[in-house]
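1. sharing a sequence plus its predicted fold:
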Amino acid sequence: MAEVKNFTEVLKGLPKNWGRWGANDEIGSLNFLTSAEVLRGVKAVQQGKVFMLGVPVARPEGDPLHPIRAQPIHTMTADEGFFISGRIKPFPGGLKYSDDVVTMFPQGTTQYDALGHAWYGDKLYNGFDPKTTIGGLQKCSIQPIAEHGVIGRGVLIDAARYKGKKHLDRDEGFTLDDLLGAAKKQGVTIEKHDIIVLHTGWLDRFYQEGQKALFPEGQPFDEPGLQYSKELVQWWYEMEIPSITADTIGCEQGLNKETGGLGILHSALLCNLGVIFNEIVWLKDLAADCAKDGQYSFLFAGAPLKLVYGCGSAVNPIAIK
């Protein structure tokens with residue numbers, strides 16, 4: 001087995017956005033999403049079609065999530081049975097109610113990563129000390145991202161259709177050349193500050209074949225996704241892309257073949273450039289509609305929860321064409 005290369009050495013010399021928006025910045029590339037960018041996203045709305053991109057939560061059959069996380073637990077705390085048994089009483093006048101509680105990982109469904117969620121070496125995004133994550137993220141939590149919102153012009157890149165497949169294969173990388181080639185084939189131009197929305201078909205495979213299709217027992221975390229290269233990182237930096245949305249657990253190719261490491265784009269994009277990662281997003285319906293009508297740009301809006309000190313947050317993003 002080849003030696004795993006340390007990301008500190010691999011990414012040396014590649015661009016960072018640390019300090020670009022001041023020493024206290026905690027939202028990174030979201031700074032590119034100004035009011036003007038929101039209006040540019042609004043201009044992409046042509047038909048009024050609305051696509052809700054979150055996945056169902058707490059299905060009895062199980063939800064798609066990273067294997068380090070447990071499935072959500074959904075429990076009723078009030079229903080008709082509570083009233084029949086006398087455990088709770090109706091409100092004055094006879095009004096009854098149902099109520100419930102969900103115990104889950106905030107990143108155990110369609111979700112956003114906080115900028116303090118992933119790092120390498122001894123610094124978080126913008127140079128903050130990783131010790132600020134102890135007991136909760138005092139720096140680079142999801143809250144500042146939620147206060148800002150992820151709103152702008154989204155562009156769908158249909159990786160699956162570009163490759164002529166229902167879904168990308170296990171550990172298949174989607175390169176910068178693929179990204180630009182797919183955009184050209186679709187007839188859409190990726191512009192500065194666009195939110196890249198990557199459809200691989202991988203999430204649909206979960207619903208068709210189950211958890212074992214995504215994570216076979218004894219196999220490494222080797223899902224398909226955006227493939228690291230120095231050229232891709234440089235392009236991302238020059239294009240000032242604020243966010244990546246994908247229908248995979250991690251947005252990026254699982255194990256990077258060049259380095260043998262896991263999460264190199266979380267290091268190069270999220271940690272170094274402050275790019276916001278939006279994962280486990282339902283894109284099948286949006287991709288099918290884009291292929292049908294040829295409109296691949298839209299208003300994208302992501303509004304995570306304002307979870308204090310949170311490492312990430314569940315979200316139900318919206319695309320409006």
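-> Right, received. Where do you want to start?

2. which stretches of the stretch 1-150 of the chain have low pLDDT?
-> Residue ranges of the stretch 1-150 of the chain with pLDDT under 70: 1-2.

3. ok, 90 please
-> Across the stretch 1-150 of the chain, the ranges flagged by pLDDT under 90 are 1-4, 67.

4. need the helices for it, in chain order.
-> Taking DSSP state H, counting those that start in this stretch as the test, the helices found in the stretch 1-150 of the chain are 7-10, 35-43, 80-85, 142-148.

5. for this structure, which strand extends over the most residues?
-> strand 150-158 (DSSP state E).

6. pairing partners for it, with directions?
-> strand 195-199 (parallel), strand 297-302 (antiparallel) (DSSP bridges).

7. pick the most buried one from those strands.
-> Across the strands paired with strand 150-158, averaging neighbours per residue (mean count of other CB atoms under 10 Å) puts strand 195-199 on top, at a mean of 28. C-beta: built from backbone N, CA, C; applies to glycine.

8. what's the average pLDDT for that one?
-> Per-residue pLDDT over strand 195-199 has a mean of 98.

9. how far does the helix or strand just after it sit from its chain's centre?
-> Sequence-wise, the next helix or strand downstream of strand 195-199 (DSSP states H and E) is helix 202-209. The chain centre lies 17 Å from the centre of helix 202-209; the measure is CA atoms, centre = their mean, to the nearest Å.

10. now helix 202-209: mean pLDDT?
-> 96.

11. on the C-terminal side of it, identify the next helix or strand.
-> Taking DSSP H and E, what comes next after helix 202-209 is helix 211-214.

12. mind listing what's buried in stretch 102-113?
-> The neighbour-count check on stretch 102-113 (16 or more other CB atoms under 10 Å) flags 104-113 as buried.

13. pick out the most distant pair among the residues you listed.
-> The largest separation in those, counting by CB to CB, is between Met104 and Asp113 at 16.1 Å.

14. so for this protein, the centremost residue is which one?
-> Central residue of the chain (CA atoms, centre = their mean): Asn278, 1.4 Å from the mean position.

15. so who does the spatially closest residue to that one that is not a sequence neighbour touch?
-> Counting by CB to CB, 6 or more residues apart in numbering, Asn278 lies nearest to Thr245, which is 4.1 Å off, once chain neighbours are set aside. By CB atoms under 8 Å, 6 or more residues apart in numbering, Thr245 lies in contact with 53, 154, 195-198, 251, 278-279, 281, 283, 300, 302, 317.

16. can I get those residues in a markdown table with distance to Phe221?
-> Shown next, in a markdown table, are the contacts of Thr245 (distance: CB to CB, whole Å):
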| residue | distance to Phe221 |
| --- | --- |
| Leu53 | 23 |
| Gly154 | 27 |
| Ile195 | 25 |
| Ile196 | 22 |
| Val197 | 22 |
| Leu198 | 18 |
| Cys251 | 13 |
| Asn278 | 19 |
| Glu279 | 13 |
| Val281 | 18 |
| Leu283 | 20 |
| Phe300 | 27 |
| Gly302 | 24 |
| Pro317 | 23 |
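
17. Gln208: which of the residues you listed is nearest?
-> Leu283 (14.7 Å).

18. that closest one: neighbour count?
-> 27 (other CB atoms under 10 Å).

19. distance of it from Glu26?
-> Distance from Leu283 to Glu26, counting by CB to CB, to the nearest Å: 28 Å.

20. could you pull up the contacting residues of Pro64?
-> Per CB under 8 Å, 6+ apart, neighbours of Pro64: 55, 203, 206-207, 211, 214, 249, 280.

21. from those residues, which would you call buried?
-> 55, 203, 206, 211, 214, 249, 280.

22. okay, now the domains of the protein?
-> 9-66+106-320, 73-102 (automatic domain parsing).

23. can you give me the buried ones in the shortest one?
-> Along domain 73-102, these residues count as buried under the neighbour rule (16+ other CB under 10 Å): Phe82.

24. ok, stretch 248-259 next?
-> Neighbour count says stretch 248-259 has 248-256, 259 buried, by 16+ other CB under 10 Å.
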